[in-house]
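fold the following and give me the result.
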Amino acid sequence: MAHGPAKGFSRWLYTTNHKDIGSMYLWFSFAMFFLGGIFALVIRAELFQPGMQIVDPNFFNQMTTMHGLVMVFGAVMPAFVGLANWMVPMMIGAPDMALPRMNNWSFWILPFAFAMLASTLFMEGGAPNFGWTFYAPLSTTYAPASVTFFIFAVHIMGASSIMGSINIIATILNMRAPGMTLMKMPLFVWTWLITAYLLIAVMPVLAGVVTMMLMDIHFGTSFFDAAGGGDPVLFQHVFWFFGHPEVYIMILPAFGVVSAIIPTFARKPLFGYSSMVYATASIAFLSFIVWAHHMFTVGIPLLGELFFMYATMLIAVPTGVKVFNWVTTMWKGAMTFETPMLFSIAFVILFTIGGFSGLMLAIAPVDFQYHDTYFVVAHFHYVLVPGAIFSITAAVYYWLPKWCGKMYDETLGKTHFWLAFAGLNITFFPMHFSGLAYMPRRIPDYNVAFANWNMISSVGAFLFGAAQVLFLYIIIRTIVSGKKATDQVWEGATGLEWSVPSPAPYHTFSTPPEVK
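Numbering: from 1, shown residues only. Have a look, this model is predicted:
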């Protein structure tokens, strides 16, 4: 009996082709990006002026929780996994990922996880309302009934991440083209290899802490309940042992993306390749020994404060090496400023600003003042938005001609960049000032003294949101009616061979070619 290629929805449901799966990850993450963005705009609309306007405080807290969870686990991480699926096999000369069926499964469980998470908004008692860090006992003793569904969704997300990471490691270590040693791999491949090890190390810790929550809620244990002999601070230790490497999981692949784009548009090889590899590995190692800098206010011993303070400040060294290498790559290069390069330069500048505010937060006695204020919100978003979101956007513009054989509209791309750049800075820079004036985060109402900064931030947030709608339009327009890309997409480019287009193979492992 003959087997032809699968058609329609079946093609996507059963596909084991890394390009199809990469595309599904990217579209899924884009959908989650818009969902998380809508939650953020509800927050900013409420905070546009003092007093309660459009939502009640409990729903406001649900929005802060859902925004963080959806953006971290639904938008940023799947987008980077999608980029890895698309580009890693092509960069190392592999025909596909090492474990294609597991690759399919690791994607398809994600929509169900996030459907379950989003459905909590419609449950009795509402969605989780305890913040994206879900500190106990707020998330155990005082949580709505929907917290059980949240825990199950987190387990599924974690399983997806672990399977994806195993796949990436197996692919990179076993399927490189002859002659491609580890130190000849593109930086994007290196950053994902290291990120995959981080994910495998910390996702079981997250699974452990949500399982302990589940036991406290339903089975009478007291891991985090002081009344039963437990310790709420234990939750913070276990959560942040996962949570701090997690924030580096969201930024290391971004380093790889920018390390691919900047040399292309500077027309120079990347400066200091081996130091970039070692710096990435150093950041990954240090990310495991700094978790308690999130906990300076809980009463850890002075010696602990000193250790975590100095260890955190030490991360600035390998990060500084990376920034130096990117700037040196651009130095005296024949630079042009196409859209991917604009996003990459903005990444370097704004991520560095986020790094400086991170150094401020690393100093324990100063962190006592900043803790749980909008200064922390400003720092986190200056790292994550220009860091993760801008790099993902740059990667899409950079590799889109490779993916679909069509070229995007450069004028629209640059318009998107400047709108997003303005929106980002108008939104988050004022938060430094309101935070230094002690405006606490995660509150729906505030003192009239903070009104001006909040109004500015809210206007910036809606501008940033509008920019992302333009981004969606640009992508769809490119795929549907973009001009055919040339063989050499970026004039004088170095690095990737830009053969166009890069179509899916005739068949995948799940749809064998015709057999007699």
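
mind listing what Asn174 touches?
Contacts for Asn174 were tallied using CB atoms under 8 Å, 6 or more residues apart in numbering; they are Ala98. Glycine gets a C-beta too; all of them are placed from N, C-alpha and C.

can you classify Phe130 as helix, strand or coil?
At Phe130, secondary structure determined by DSSP: H, G, I helix; E, B strand; the rest coil is coil.

surely it touches Thr141?
No: Phe130 is not in contact with Thr141 according to CB atoms under 8 Å; the separation is 10.5 Å.

quickly note the distance from the residue positioned nearest the centre of the chain to Leu26.
By CA atoms, centre = their mean, the chain has its centre lying nearest to Val76, at 2.8 Å. Distance, Val76 to Leu26, using CB to CB, to the nearest Å: 12 Å.

care to break this structure down by domain?
14-188, 251-449+460-501 (automatic domain parsing).

any idea which of those gets closest to Phe224?
domain 14-188 (3.5 Å; CB to CB).

ends of the closest one, what's the gap?
28 Å (CA to CA, to the nearest Å).

roughly how far is it from the heart of the chain?
Domain 14-188 sits 8 Å away from the centroid of its parent chain (CA atoms, centre = their mean, to the nearest Å).

picking up where we left off before, and Ser222, which of the domains of the chain is closest to it?
Minimum separation from Ser222 across the domains of the chain (CB to CB) falls at domain 14-188, 9.6 Å.

which SS state does the nearest residue to Gly228 once chain neighbours are set aside fall under?
Closest residue in space to Gly228, ignoring its immediate chain neighbours: Ser222 at 2.6 Å, by CB to CB, 6 or more residues apart in numbering. Following three-state DSSP, we place Ser222 in the coil state.

what about Ser222, how many residues close to it?
For Ser222, the neighbour count with other CB atoms under 10 Å is 15.

also the one 4 residues further on?
When neighbours are counted by other CB under 10 Å, Ala226 registers 11.

can you pull the contacts of it?
Residues in contact with Ala226 (CB under 8 Å, 6+ apart) are Pro137, Pro232.

for Ser29, same thing?
Contacts for Ser29 were tallied using CB under 8 Å, 6+ apart; they are Gly74, Ala75, Val76, Met77, Pro78, Ala79, Gly82, Ile392.

measure it to Ser275 for me?
Going from Ser29 to Ser275 by CB to CB gives 31 Å.

now the residue nearest to the centre of the chain, what's its secondary structure?
For Val76, the assignment made with three-state DSSP gives helix.

residue contacts, it?
Val76 is in contact with Ser29, Met250, Leu384, Ala388, Ile389, Ile392, counting by CB under 8 Å, 6+ apart.

wait, doesn't the second one sit right on Val81?
No: taking CB under 8 Å as the contact criterion, Met250 and Val81 are not neighbours in contact, 11.4 Å apart.

between these two, which has more neighbouring residues?
Val81 (31 against 24).

name the helices or strands packed onto the host helix or strand of the more buried one?
Using DSSP states H and E, the element containing Val81 is helix 77-92. With contacts taken as 3 or more CB pairs under 8 Å, 6 or more residues apart in numbering; DSSP states H and E, helix 77-92 sits against helix 18-46, helix 147-174, helix 187-218, helix 252-266, helix 390-404.

let's go with 6 Å and repeat that
Other helices and strands packing on helix 77-92, by 3 or more CB pairs under 6 Å, 6 or more residues apart in numbering; DSSP states H and E, are helix 18-46, helix 187-218.

I'd like these as a markdown table, with mean pLDDT appended.
Below are those laid out as a markdown table (pLDDT from 0 to 100):
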| stretch | mean pLDDT |
| --- | --- |
| helix 18-46 | 98 |
| helix 187-218 | 97 |
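
the stretch 401-516 of the chain: helices as residue ranges?
410-436, 451-481 (DSSP state H, counting those that start in this stretch).

ranking those by burial, who's on top?
Greatest average neighbour count among the helices of the stretch 401-516 of the chain goes to helix 410-436 (a mean of 19), per mean count of other CB atoms under 10 Å.

so which elements touch that helix?
Using 3+ CB pairs under 6 Å, 6+ apart: helix 410-436 touches helix 339-362, helix 374-384, helix 451-481.

JSON lines for those helices, including mean pLDDT?
JSON lines is the format used below for those (pLDDT from 0 to 100):
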{"stretch": "helix 339-362", "mean pLDDT": "97"}
{"stretch": "helix 374-384", "mean pLDDT": "97"}
{"stretch": "helix 451-481", "mean pLDDT": "97"}
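
nearest to Pro137, of those?
Closest to Pro137 of these, according to CB to CB: helix 374-384, at 21.9 Å.

that closest one versus helix 252-266: what angle between them?
With axes from the mean of the first three to the mean of the last three CA atoms, to 10 degrees applied, the angle from helix 374-384 to helix 252-266 works out at 50 degrees.

just the CA atoms of helix 374-384, as CSV, please.
Coordinates of each C-alpha in helix 374-384 appear next as CSV, following Å, rounded to 0.1, in the frame of the first residue of the first chain:
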residue,chain,number,x,y,z
TYR,A,374,8.9,48.9,41.0
PHE,A,375,12.7,49.1,40.7
VAL,A,376,12.8,45.3,40.6
VAL,A,377,10.0,45.4,37.9
ALA,A,378,12.1,47.8,35.9
HIS,A,379,15.2,45.7,36.2
PHE,A,380,13.5,42.5,35.3
HIS,A,381,11.8,43.9,32.3
TYR,A,382,14.9,45.7,31.0
VAL,A,383,16.6,42.3,31.0
LEU,A,384,13.8,40.3,29.7
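
work out the gap between it and the centre of the chain.
Between the centre of helix 374-384 and the centre of its host chain there is 14 Å, according to CA atoms, centre = their mean.

packing partners for that helix?
Applying 3+ CB pairs under 6 Å, 6+ apart, one finds that helix 374-384 contacts helix 339-362, helix 410-436.

can you lay out the helices and strands packed on helix 77-92 as CSV showing distance to Ala364?
Shown next, in CSV, are the helices and strands packed on helix 77-92 (distance: least, CB to CB, whole Å):
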stretch, distance to Ala364
helix 18-46, 29
helix 187-218, 24
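
among those, which comes closest to Lys402?
Per CB to CB, nearest to Lys402 of the helices and strands packed on helix 77-92: helix 18-46, 10.2 Å.

quick one: that closest one to helix 77-92, angle?
In terms of direction (the same axes, to 10 degrees), helix 18-46 departs from helix 77-92 by 150 degrees.

I'd like the numbering to begin with 19 instead of 1 from here.
Sure thing, new numbering starts at 19, so read that last one as helix 36-64.

list the buried residues in helix 36-64.
36-44, 46-51, 53-55, 57-64 (16 or more other CB atoms under 10 Å).

which stretches of the chain have low pLDDT?
Across the chain, the ranges flagged by pLDDT under 70 are 19-24, 506-534.

out of the helices and strands packed on helix 392-402, which is closest to Phe468?
With CB to CB, the closest approach to Phe468 among those belongs to helix 428-454: 4.9 Å.

state the distance from Leu377 to Val394.
Per CB to CB, Leu377 is found 13 Å from Val394.

count of residues packed around Ser292?
Residues within reach of Ser292, counting by other CB under 10 Å, total 8.

give the contact list for Ser277.
By CB atoms under 6 Å, 6 or more residues apart in numbering, Ser277 lies in contact with Leu205, Leu288.

now Ala406. Nearest residue, chain neighbours left out?
Spatially, and ignoring its direct neighbours in sequence, Ala406 is nearest to Val94 (4.6 Å; CB to CB, 6+ apart).

re the thing from before, distance-wise, check the residue nearest to the centre of the chain relative to Ser499.
According to CB to CB, Val94 stands 29 Å off from Ser499.

kindly report the same for Leu332.
To Ser499, Leu332 is 51 Å away according to CB to CB.

repeat that for Ser293.
Distance, Ser293 to Ser499, using CB to CB: 44 Å.

likewise Ile307?
52 Å.

and for Glu356?
20 Å.

what's the answer for Phe78, then?
Distance of Phe78 to Ser499, given as CB to CB: 42 Å.

is it possible to export the contacts of Ser47 to a markdown table including distance to Gly69?
Shown next, in a markdown table, are the contacts of Ser47 (distance: CB to CB, whole Å):
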| residue | distance to Gly69 |
| --- | --- |
| Gly92 | 31 |
| Ala93 | 31 |
| Val94 | 33 |
| Met95 | 36 |
| Pro96 | 37 |
| Ala97 | 37 |
| Gly100 | 42 |
| Ile410 | 36 |
